[in-house]
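S.K.: task: produce atomic coordinates for the following.
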Amino acid sequence: MRPFRHRRLTALVALTTLLVTAAPPAAASAGGSSRGTGYHKVGYFTQWGIYGRAFPVKKLDTSGAASRLTHINYAFGNVSEDGRCYVDGGPGEGDAWADYQRPVPAEESVDGVADAWGEPLNGNFGQLAKLKAKHPGLKVMISLGGWSWSTYFSNAARTDASRKAFVASCIDLYLKGNLPNLDGGSGGPGTAAGVFDGIDLDWEWPNWPGDVGNVIRPEDKQNFTKLLAEFRKQLDAYGRTTRKHYPLTAFLPANPAAMDAGYEGRKIFQYLDFATVQGYDFHGTWERVTNQQSALRVPAKAPDRPDFSVEVAIDGWISRGAPRGKLVLGIPYYGQGWTGVTGGGNGLFKPAAGPAPAIHAPGYEDYKQLKTLTGKGFTVHRDLRAGHAWLFDGTTFWTYDDPAVVLQKMLYIRRTGLGGAMVWSLDGDDDNATLTRTINIGLATP
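M.R.: Now for the predicted structure:
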């Protein structure tokens, strides 16, 4: 039966790849949306993507991605040392210019209208408001923390008083939209009201090492649950005044050890609308052996036992009490790459000299760039049983998700009863939103 099942999957993958790569970008219509209601389809939009990647909010519209998503997570909001949500323009602290000060030119504007200096709401926030006007079913979440800005989450969650103050500051800044006017330009009371529909917590990680300098305490595990409870309490209270429900979500790790160190399993899900689960970075160029970064299952010849995989991560959360329908699987729109690979064969599980050269960071490349390598000496290799793919030219190796792998993961989401898919990050897709289209096709509801 296994060879037949693989042949059937290969045929389905080929058909779906043809459909999504042949489709031109959909013309976005005011109020129009093709998204279904059955699954969450969440995409991270990066604040800094407007720079080197030249990915303004408008591209979500012109590519057809916006009409195929249910949520956009804006990455990221920062947490201060004294435990508050804040916006700053200081180096490494924030980018208010990108967020809401930058006058967006007409050619980058969702509605084709240029911003003028000093308007109440410019930048990405202003463009997200315009995007929501064209796609009224789309929800935008502010994601707090991330890898670089989780430094002081532990401070914010430490006491009842600190939790109350932290949550109140986040609601005031992002939901009530009271942006600081930092230099006489954009911002002011209520200027961002209505841009954000909810809050996503990207604390990486409670009681577990993350970025250098992160504050970590053993009590983070219990305090994370208490922080969620406080968010839910204040969000509901605010929602009663606006007659809206404000979603609360969280980004959760794939590592079972981190699950046990920082989370109270079943308890956290009573407060969350859903949680996104890290489905990538299982291996990378911090290691000196090529490997998979996002396989559906642990490959048969994997050198590490136990090892990480999508299945290990999802099963780990389910065994700890997570409701299947509240788990949303993370999908990478980038690859991890090594060069100086020796040992021959197809390049998998071979020694490497270091990170592969790339446009934005060594060893890290967007899908839209990796898809072009197949005509430049690279061969695509697949392990259909394990559910992963890689590129190899004899020297350089890239592990990544292409439409075939993404479709296989959508079938896994459906089969196991999960809540949907999340992507990091939308600026890694091509101009036709090929990977987002694949997710939408794979999770289509009747």
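
S.K.: pLDDT weak spots in the stretch 1-150 of the chain?
M.R.: The model of the stretch 1-150 of the chain has pLDDT under 70 over residues 1-37.

S.K.: quick one: the helices in it?
M.R.: Assigned by DSSP state H, counting those that start in this stretch, the helices in the stretch 1-150 of the chain fall at 2-22, 58-62, 96, 123-134.

S.K.: packing partners for the longest strand seen in the chain?
M.R.: Determined from DSSP state E, the single longest strand within the chain is strand 71-79. Contact partners of strand 71-79 among helices and strands, from 3 or more CB pairs under 8 Å, 6 or more residues apart in numbering; DSSP states H and E: strand 40-46, strand 85-86, helix 123-134, strand 139-145, helix 153-156, strand 198-202. Glycine gets a C-beta too; all of them are placed from N, C-alpha and C.

S.K.: now do the third one: distance to the chain's middle.
M.R.: When you say that, I think you mean helix 123-134. Here helix 123-134 is found 19 Å from its chain centre; the criterion is CA atoms, centre = their mean, to the nearest Å.

S.K.: that helix - contacts with which helices or strands?
M.R.: Counting by 3+ CB pairs under 8 Å, 6+ apart, helix 123-134 packs on helix 58-62, strand 71-79, strand 139-145.

S.K.: give me the helices and strands touching the shortest one, please.
M.R.: Contact here means 3+ CB pairs under 8 Å, 6+ apart; on that basis helix 58-62 packs against helix 123-134.

S.K.: neighbouring contacts of the helix it packs on?
M.R.: Here helix 123-134 makes contact (CB atoms under 8 Å, 6 or more residues apart in numbering) with 28-32, 45, 47, 50, 56-58, 60-61, 66, 72, 74, 96-102, 104, 108-111, 115, 119, 121, 138, 140, 179, 186, 192, 194-195.

S.K.: could you flag which of those are buried?
M.R.: Buried subset of the contacts of helix 123-134 (neighbour count, 16 or more other CB atoms under 10 Å): 28, 45, 47, 50, 56-58, 60-61, 66, 72, 74, 96-102, 104, 108-110, 115, 119, 121, 138, 140, 179, 186, 192, 194-195.

S.K.: I'd like to know how many residues surround Asp315.
M.R.: Neighbour count of Asp315, defined by other CB atoms under 10 Å: 13.

S.K.: assign it to helix, strand or coil.
M.R.: helix (DSSP: H, G, I helix; E, B strand; the rest coil).

S.K.: now it: how far from Asp429?
M.R.: Asp315 is 28 Å from Asp429, where distance means CB to CB, to the nearest Å.

S.K.: again with Val341
M.R.: From Val341 to Asp429 the distance is 27 Å (CB to CB).

S.K.: out of these two, which sits in the busier spot?
M.R.: Each of Val341 and Asp429 has its neighbours counted (other CB under 10 Å); Asp429 has more, 26 against 23.

S.K.: quick revisit: using a markdown table, lay out the helices and strands packed on strand 71-79 together with distance to Ile439.
M.R.: Output for the helices and strands packed on strand 71-79, formatted as a markdown table (distance: least, CB to CB, whole Å):
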| stretch | distance to Ile439 |
| --- | --- |
| strand 40-46 | 6 |
| strand 85-86 | 30 |
| helix 123-134 | 18 |
| strand 139-145 | 16 |
| helix 153-156 | 29 |
| strand 198-202 | 18 |
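
S.K.: can you tell me which of these comes nearest to Ala261?
M.R.: Of all these, helix 153-156 sits nearest to Ala261, with 12.8 Å by CB to CB.

S.K.: using CSV, write out every CA atom in that closest one.
M.R.: Taking Å, rounded to 0.1, in the frame of the first residue of the first chain, the C-alpha atoms of helix 153-156 are listed here in CSV:
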residue,chain,number,x,y,z
PHE,A,153,8.3,39.3,29.4
SER,A,154,9.2,37.7,32.7
ASN,A,155,9.1,41.1,34.4
ALA,A,156,5.7,41.9,33.0
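
S.K.: am I right that Ser169 is in a helix?
M.R.: Yes - according to three-state DSSP, Ser169 belongs to a helix.

S.K.: that one: what's it in contact with?
M.R.: Applying CB under 8 Å, 6+ apart to Ser169 gives the contacts 84-86.

S.K.: what does the lengthiest helix in the chain rub up against?
M.R.: Assignment by DSSP state H gives helix 220-242 as the longest helix of the chain. Here helix 220-242 makes contact (CB under 8 Å, 6+ apart) with 153-154, 156-158, 160, 163-164, 166-168, 170-171, 175-176, 198-199, 201, 203, 206-207, 217, 245-246, 248, 250, 261-264, 267-268, 271-272.

S.K.: do the same with stretch 340-348
M.R.: 290-292, 299, 350-354, 379, 381, 390, 392, 394-397.

S.K.: filter the residues you listed down to the buried ones.
M.R.: 290-292, 299, 350, 352, 381, 390, 392, 396-397.

S.K.: farthest pair in these?
M.R.: Pro299 and Thr396 (19.9 Å).

S.K.: closest to the centroid, which residue in this structure?
M.R.: The residue lying closest to the centre of the chain (CA atoms, centre = their mean) is Trp424, at 3.5 Å.

S.K.: mind listing the residues bridging to that residue?
M.R.: Pro332 (DSSP bridges).

S.K.: show me the contacts for it.
M.R.: Trp424 sits next to 44, 280, 330-334 when contact means CB under 8 Å, 6+ apart.

S.K.: and stretch 412-429, how far from the chain's centre?
M.R.: With CA atoms, centre = their mean, you get 9 Å for stretch 412-429.

S.K.: kindly report the same for stretch 125-145.
M.R.: Counting by CA atoms, centre = their mean, stretch 125-145 is centred 15 Å from the centre of its parent chain.

S.K.: then that stretch to CSV, C-alphas only?
M.R.: Provided in CSV are the C-alpha atoms of stretch 125-145 (Å, rounded to 0.1, in the frame of the first residue of the first chain):
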residue,chain,number,x,y,z
PHE,A,125,-0.4,50.7,10.6
GLY,A,126,-2.2,53.1,8.2
GLN,A,127,-1.8,50.6,5.4
LEU,A,128,-3.2,47.8,7.5
ALA,A,129,-6.2,49.9,8.1
LYS,A,130,-6.6,50.4,4.4
LEU,A,131,-6.1,46.7,3.8
LYS,A,132,-8.9,45.8,6.3
ALA,A,133,-11.2,48.2,4.5
LYS,A,134,-10.8,46.2,1.3
HIS,A,135,-10.9,42.9,3.2
PRO,A,136,-13.3,43.4,6.1
GLY,A,137,-13.2,39.8,7.2
LEU,A,138,-9.4,40.0,7.8
LYS,A,139,-8.2,40.3,11.4
VAL,A,140,-5.0,42.0,12.4
MET,A,141,-3.2,41.0,15.6
ILE,A,142,-0.3,42.7,17.3
SER,A,143,2.3,40.1,18.1
LEU,A,144,4.3,41.0,21.3
GLY,A,145,7.9,39.9,21.8
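
S.K.: with that, I have no additional questions.
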